Structures are given as structure tokens and as C-alpha cells.
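Student: Here's a sequence, model it:
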Amino acid sequence: MQYTHLGRSGLSVSRLCLGTMNFGPQTEESAAHSIMDSALDSGINFFDTANVYGGHDNRGWTEEIIGRWFAKGGERRERVVLATKLYGTMTDRPNESKLSALNIRRALDASLKRLQTDYIDVYQFHHVDRNTPWDEIWQAIEVAVQQGKILYSGSSNFAGWHIAQAQEAAARRNYNGLVSEQSIYNLLTRNVELEVIPAAQQYGLGLIPWSPLHGGLLGGVLKKERDGVRRLEGRAAETLKKHEEQIRQYEDLADDLGHEPGDVALAWLLHQPAVTAPIVGPRTQEQLDAAIRALDVTLDADALKRLDDIFPGHRTAPEDYAW
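Tutor: Numbers count the residues shown, from 1 in each chain. Prediction:
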């Protein structure tokens, strides 16, 4: 396994992050525990979850599954860099969502209880809260740090200017602020290259891409459909129809390179200088094994250029659209 620092922090994390969103709704608890054990055995020490994971009627379920896994002992908790998130609505009561000081306190304590741990390594804001001042947010986080309940803070789904706003407010308080940003980023969705990645690099945040295979569209979907393994429906089918020629060229390129399409998509992210660790969210052991395989894929300059030709990216704004 390869390791790197999370942003400008001294925290060492694996180049792959284990996403747990499927644990509970898609993957039963025993299988989820097995996947987490296997991830640790492979050297993955960075686990990501959120308080709302578990499904609409079972918010918190995923954290509870992880908590029962920690409770098995064997230094499971000590070996994991644990990241969770708050923002989403947990109940229909007021103050049970977003980033008020009250919700930060309540949501953090609830996550600690479900996770059966004393502290969170990286506590992330799942979305920007435009109605709560940053001084209020950072004061609540500083208290949690002083209490030993969290060590680092991260963001998710922030715009570039939100990162700047957060970091400037933290600097005024002599606080470190954010160490990571979690955004959708993959060959098909490269909007973060405009402003989010430049902001993250300027302020020393590590980028943790979610949906690295774009919901499976970059995982060999055309081949799977031809083989009768998988057939997409709804929005996924519409997206495939829109990008079918690009994906066909991409799968042909993966064949030329001698790798599975999903391995190439993950390897491409690992070649991007701003990326700390793509979040892989396996439902099965086989999917975890496939993600780990991508660490051994090296893409040369020609392969990277051919991928850019198929899936054009963005230059930094404003040069991307202005002189």
C-alpha cells in the first residue's frame, strides 16, 4: 500500500479511502465487517462514512455497523484513520441538520456513540451551510478539538470560494481550518478542475474524490451489458446514452493498455497531483480487490493524453473560458 499526507497535515493516509455508504442498505453487516478486515489487511487505513448513511429510514445505520466492527477489538480502531460527516437531516426536529454550533455538538456526540469511539480523526462538513457564520462553526469545532473529540476538519461538496471563505475565517482565529475536500471527480465529471482544485492546492487541502467510477459508468459498463452482467436503468441509462461513444473509446483504450476500465479510471485519479485518495465504495469483496489492483497501474504520458482527448478536462478558471 502507498501512503501520503492528508493535505498539509502530518496525518498519513492510504492512497485509497474505503467508502462505507453501501454498508447496511446494500451490504449486510457480516460482509461489511469482512470487507473492512480485508481493507485493513491490504493496508487501507483511511475509512470514510457519514451520520446519514444507512438509508432514508435508517440514518446512522452505517456508523453503527462500523462501531460494532470496532468493538471486536484487535486494534481495529487504532489502525483506522476515521472520517465521518455531518450536515444532513437526522430527524424532523429543528436543529438536527446543517452546521449550527448546537447541531455540531449533538451530531458529533451521536456519531461517537454509534461508532463506539472516543474521537473522530477527520470531521467533515457534508455540505456548505450558507446560513451559519464561519466564526460560529469554527468556535464549535475548536471546542470539540479541545475536548479531544475530533482532530482534524474537512469539507465536502464545497465550491472553491467556500474553501477560501472557510480558510480565511479560520486564519483569523489562528486555527488550522480544513485539511481536506471531498468532491465528485472522475474522468466524466471534471468541473472541480475549474476552481475547487486550485483553491484546495492554494490552501493545502487534500482532495478525496467520490464516485471515481461515476456510478459504474467507467467500470466497463458496455462490456458488462454485452455480456448480460449488468443493464443500467433510469438516470444511469440516460447518462450512458449521452456519453456512449466516449465510453466505448475509453473501454477500447483500456483494452489497448491491458487493464480493466475501472482500474484505469482509478489510476487516472491517482496520477492527478491534487488527489490524496479516491473513495472506493465496494459492495463486495471482489469490488474491493479490483480497486486495490488499480494501485499497480501506471499510466504514461501518452495514455494520459489519450484519456484527456476522450474526456476533455478544464484549465484553471478564468483561463478556461477567458483570454
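
Student: Remind me what the helix or strand residue 235 falls within packs against, helices and strands.
Tutor: Residue 235 is part of helix 234-257 when elements are defined by DSSP states H and E. Secondary-structure packing of helix 234-257 (3 or more Cβ pairs under 8 Å, 6 or more residues apart in numbering; DSSP states H and E): helix 221-226, helix 261-270, helix 301-310. All C-beta spots, glycine's among them, are computed from the backbone N, C-alpha and C.

Student: What are the boundaries of the strands in this protein?
Tutor: 3-5, 12-14, 17-19, 46-48, 81-86, 120-125, 150-156, 178-184, 206-210, 279-280 (DSSP state E).

Student: JSON lines please, covering those and showing distance to residue 110, mean pLDDT and mean neighbour count.
Tutor: Formatted as JSON lines, the strands of the chain follow (distance: least, Cβ to Cβ, whole Å; pLDDT from 0 to 100; neighbours: other Cβ atoms under 10 Å):
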{"stretch": "strand 3-5", "distance to residue 110": "30", "mean pLDDT": "97", "mean neighbour count": "14"}
{"stretch": "strand 12-14", "distance to residue 110": "25", "mean pLDDT": "98", "mean neighbour count": "20"}
{"stretch": "strand 17-19", "distance to residue 110": "21", "mean pLDDT": "98", "mean neighbour count": "27"}
{"stretch": "strand 46-48", "distance to residue 110": "18", "mean pLDDT": "98", "mean neighbour count": "26"}
{"stretch": "strand 81-86", "distance to residue 110": "9", "mean pLDDT": "98", "mean neighbour count": "25"}
{"stretch": "strand 120-125", "distance to residue 110": "12", "mean pLDDT": "98", "mean neighbour count": "25"}
{"stretch": "strand 150-156", "distance to residue 110": "14", "mean pLDDT": "98", "mean neighbour count": "23"}
{"stretch": "strand 178-184", "distance to residue 110": "20", "mean pLDDT": "98", "mean neighbour count": "25"}
{"stretch": "strand 206-210", "distance to residue 110": "23", "mean pLDDT": "98", "mean neighbour count": "24"}
{"stretch": "strand 279-280", "distance to residue 110": "23", "mean pLDDT": "98", "mean neighbour count": "24"}
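
Student: Between the ones you listed, which one is closest to residue 216.
Tutor: With Cβ to Cβ, the closest approach to residue 216 among those belongs to strand 279-280: 12.2 Å.

Student: Run through who's touching that closest one.
Tutor: 16-19, 48, 182, 208-212, 266, 287-288, 291 (Cβ atoms under 8 Å, 6 or more residues apart in numbering).

Student: same deal with stretch 304-323?
Tutor: By Cβ under 8 Å, 6+ apart, stretch 304-323 touches 187-188, 190-191, 193-195, 197-198, 246, 249-250, 253, 264, 268, 271, 299.

Student: mind redoing it with 10 Å?
Tutor: 160, 186-199, 201, 218, 243, 245-250, 252-254, 256-257, 264-265, 267-268, 271-272, 299-300 (Cβ atoms under 10 Å, 6 or more residues apart in numbering).

Student: ok, what's across the strand from residue 82?
Tutor: Beta bridges link residue 82 to residue 47, judged by DSSP bridges.

Student: The nearest residue to residue 243 once chain neighbours are set aside and residue 75: what is the separation?
Tutor: In space, and not counting its chain neighbours, residue 243 is closest to residue 188: 6.4 Å by Cβ to Cβ, 6 or more residues apart in numbering. Taking Cβ to Cβ, to the nearest Å as the measure, residue 188 and residue 75 are separated by 39 Å.

Student: For those two, indicate the residue with more neighbours.
Tutor: Between residue 188 and residue 75, counting by other Cβ atoms under 10 Å, residue 188 is the more crowded of the two (21 against 9).

Student: Return the residues in contact with that one.
Tutor: By Cβ under 10 Å, 6+ apart, the residues touching residue 188 are 211, 213-215, 217-218, 239, 242-243, 246-247, 250, 265, 310-311.

Student: if we can go back for a sec, tell me which of the helices and strands packed on helix 234-257 is the most buried.
Tutor: Of all those, helix 261-270 carries the top mean neighbour count, a mean of 24, counting by mean count of other Cβ atoms under 10 Å.

Student: That one vs helix 234-257, what angle?
Tutor: Calculated by axes from the mean of the first three to the mean of the last three Cα atoms, to 10 degrees, helix 261-270 forms an angle of 90 degrees with helix 234-257.

Student: worst-scoring helix or strand of the chain, pLDDT-wise?
Tutor: None of the helices or strands of the chain scores lower by mean pLDDT, DSSP states H and E than helix 221-226, at a mean of 88.
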